[in-house]
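K.L.:
Please find the sequence and the predicted model below.
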Amino acid sequence: MRHNSLMPLIQISQTPGLTVEQKRATIEAVTKAYAEATGKDATSVWVTITEVPREQWGVGGVALG
């Protein structure tokens with residue numbers, strides 16, 4: 001598969017818990033939605049999922065973990 005140099009990168013950060021199958025489905029759905037919304041070729045869209053432990057998240061000044 002060949003990728004051009006103008007590839008979009010979508011980064012998802014979340015707490016751990018998704019299965020491998022759920023991650024694959026998420027990557028597929030996000031890629032499809034982005035390609036449809038922008039007219040980009042889906043093969044040029046990169047998606048990463050980063051799992052961040054709950055103790056490293058905070059909302060409104062309060063730690064989640």
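P.N.:
Okay, I see it.

K.L.:
any idea how far the nearest residue to residue 38 once chain neighbours are set aside lies from residue 24?
P.N.:
Leaving aside its sequence neighbours, residue 38 sits nearest to residue 8 (C-beta to C-beta, 6 or more residues apart in numbering; 7.5 Å). No exception for glycine: its C-beta is placed from N, CA and C like everyone else's. To residue 24, residue 8 is 19 Å away according to C-beta to C-beta, to the nearest Å.

K.L.:
Tell me how far the residue nearest to residue 38 lies from residue 40.
P.N.:
On the measure of C-beta to C-beta, residue 8 and residue 40 end up 6 Å apart.

K.L.:
do the same with residue 48
P.N.:
Residue 48 sits 17 Å away from residue 40, going by C-beta to C-beta.

K.L.:
Looking at those two, which is more packed in?
P.N.:
residue 40 (15 against 10; other C-beta atoms under 10 Å).

K.L.:
wait, what's in contact with the residue nearest the centre of the chain?
P.N.:
Centroid-nearest residue in the chain: residue 12, 3.5 Å away (criterion: C-alpha atoms, centre = their mean). Residue 12 is in contact with 26, 30, 47, 48, 49, 50, counting by C-beta atoms under 8 Å, 6 or more residues apart in numbering.

K.L.:
how about the nearest residue to residue 52 once chain neighbours are set aside, phi and psi?
P.N.:
Spatial nearest neighbour of residue 52, excluding adjacent residues (C-beta to C-beta, 6+ apart): residue 13 at 5.5 Å. The phi/psi pair for residue 13 (degrees, to the nearest 10) reads phi -110, psi 130.

K.L.:
Same question for residue 43.
P.N.:
Dihedral angles (degrees, to the nearest 10) for residue 43: phi -70, psi -10.

K.L.:
Low-confidence regions, the chain specifically.
P.N.:
Within the chain, the segments meeting pLDDT under 70 span 1-5.
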